[in-house]
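Engineer: make a model of this:
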Amino acid sequence: MVDHRLISSGEKASVGVCAPAARLWPDFLVGQESSPVRVLLVDDDEYMRRVIAQELLSDLRIQLEGQADSVREARRLLATHTFDVLMLELQLGDEMGFELIAETRLQHRNSEVIVISSLEDDAHVLRAFELGAMGYLLKNAWLQSFADAVLHVVNGGAAITPRLTRRLLHRLDYHAREPFADTPPPPPRLPARETTLTPRESQVLRYVASGYASAQIGAKLGITGQTVNVHIKSIYKKLHVHSRAQAVNFAVHTGLI
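Structural biologist: Prediction:
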């Protein structure tokens with residue numbers, strides 16, 4: 001029996017308290033101190049970029065190769081650096097980051113992409129995954145680790161903020177409501193053949209999926225923002241939807257864009 005009268009106050013605080021166990025990280029996994037995962041970080045929010053960079057730098061299994069604050073600077077990094085993971089904010093100052101996802105998957109086939117964003121609507125999330133991202137982390141979420149996300153994706157996994165994961169699971173919930181039903185669930189409603197999109201409407205919808213506003217789309221296509229809105233209303237009518245997010249979601253799932 002321990003006589004606490006013979007233990008100093010500093011020693012007494014440690015009695016019965018075990019030190020936390022060191023985290024197991026087998027040597028067969030990618031990401032070792034001797035061969036760290038190389039990361040590029042792109043975010044125009046200087047404060048958030050610094051927060052993420054500090055977390056990555058504190059993990060010896062990760063090496064931060066470079067940082068950028070715009071699509072233009074990101075392209076320079078992609079051209080001049082060898083990397084394993086691109087961590088990318090979608091909503092950058094000069095343009096949306098969707099094209100960077102596609103370019104990375106095309107030009108650096110062995111590299112992975114993790115989106116870090118404040119955008120959490122289904123259209124942006126699904127579009128990022130459709131283009132090849134293997135992670136989507138929300139900046140304002142608590143139960144996540146940027147360093148862990150990097151290590152997950154380079155070892156064949158995915159990294160999704162738990163709140164987004166729950167929402168994606170709810171989208172599949174109808175499959176579980178009647179698991180023993182004899183008849184399968186009805187297929188999604190498809191547009192009639194005679195109501196397929198025109199080439200111009202398809203162009204507009206692609207820009208909508210990339211997050212551009214009507215005025216920005218108009219500038220790219222050489223038309224007015226008002227004309228863009230006319231096309232968007234026509235798209236809504238043809239696809240039987242009521243919002244941009246619904247239109248993009250439908251188009252992604254049916255292969256229209």
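Engineer: and the residue nearest to residue 207 when sequence neighbours are not counted, how many neighbours does it have?
Structural biologist: Once flanking residues are discounted, residue 207 sits nearest to residue 217: 4.4 Å by CB to CB, 6 or more residues apart in numbering. Using the backbone N, CA and C atoms, a C-beta is placed for each residue, glycine as well. Look at residue 217: counted by other CB atoms under 10 Å, it has 23 neighbours.
Engineer: OK, contacts around residue 140?
Structural biologist: residue 118 (CB atoms under 8 Å, 6 or more residues apart in numbering).
Engineer: poorly predicted segments of the stretch 151-257 of the chain, please.
Structural biologist: 172-195, 253, 257 (pLDDT under 70).
Engineer: all helices for it, in order.
Structural biologist: In the stretch 151-257 of the chain, the segments counted as helices under DSSP state H, counting those that start in this stretch are 162-171, 173-177, 199-209, 214-221, 225-239, 244-254.
Engineer: and residue 113, what element?
Structural biologist: Taking DSSP states H and E as the criterion, residue 113 maps to strand 112-117.
Engineer: before we move on, the earlier item: ok, which of the helices of the stretch 151-257 of the chain comes nearest residue 137?
Structural biologist: helix 162-171 (8.5 Å; CB to CB).
Engineer: contacts for the next helix or strand after the strand holding residue 113 next, please.
Structural biologist: Moving toward the C-terminus from strand 112-117, the next helix or strand (DSSP H and E) is helix 122-131. Helix 122-131 has contacts (CB under 8 Å, 6+ apart) with 90, 98, 101-102, 105, 113, 115, 117, 119, 136, 164, 167-168, 171, 209-211, 244-245, 248-249, 252.
Engineer: pretty sure residue 42 sits against residue 89.
Structural biologist: Yes - at 6.2 Å, residue 42 counts as touching residue 89 under the criterion of CB atoms under 8 Å.
Engineer: my guess is residue 65 contacts residue 40, does it?
Structural biologist: Yes - between residue 65 and residue 40 there is a contact under CB under 8 Å: 5.7 Å.
Engineer: surely the residue nearest to residue 207 and residue 225 touch.
Structural biologist: Yes - in this structure residue 217 lies within contact range of residue 225 using CB under 8 Å: 7.4 Å.
Engineer: what kind of secondary structure is residue 63 in?
Structural biologist: strand (DSSP: H, G, I helix; E, B strand; the rest coil).
Engineer: which residues touch it?
Structural biologist: 36-39.
Engineer: specify the beta-bridge partners of it.
Structural biologist: residue 38 (DSSP bridges).
Engineer: report pLDDT for it.
Structural biologist: For residue 63, the pLDDT comes out at 97.
Engineer: quick check: it vs residue 227, distance?
Structural biologist: Per CB to CB, to the nearest Å, residue 63 is found 48 Å from residue 227.
Engineer: next one: residue 117
Structural biologist: Residue 117 is 30 Å from residue 227, by CB to CB.
Engineer: identify whichever of the helices of the stretch 151-257 of the chain lies nearest to residue 54.
Structural biologist: Among the helices of the stretch 151-257 of the chain, if distance is taken as CB to CB, the winner is helix 162-171, at 22.3 Å.
Engineer: the closest one vs helix 244-254, what angle?
Structural biologist: 60 degrees (axes from the mean of the first three to the mean of the last three CA atoms, to 10 degrees).
Engineer: now for helix 162-171, which elements pack on it?
Structural biologist: Under the contact definition 3 or more CB pairs under 8 Å, 6 or more residues apart in numbering; DSSP states H and E, helix 162-171 sits against helix 122-131, strand 135-138.
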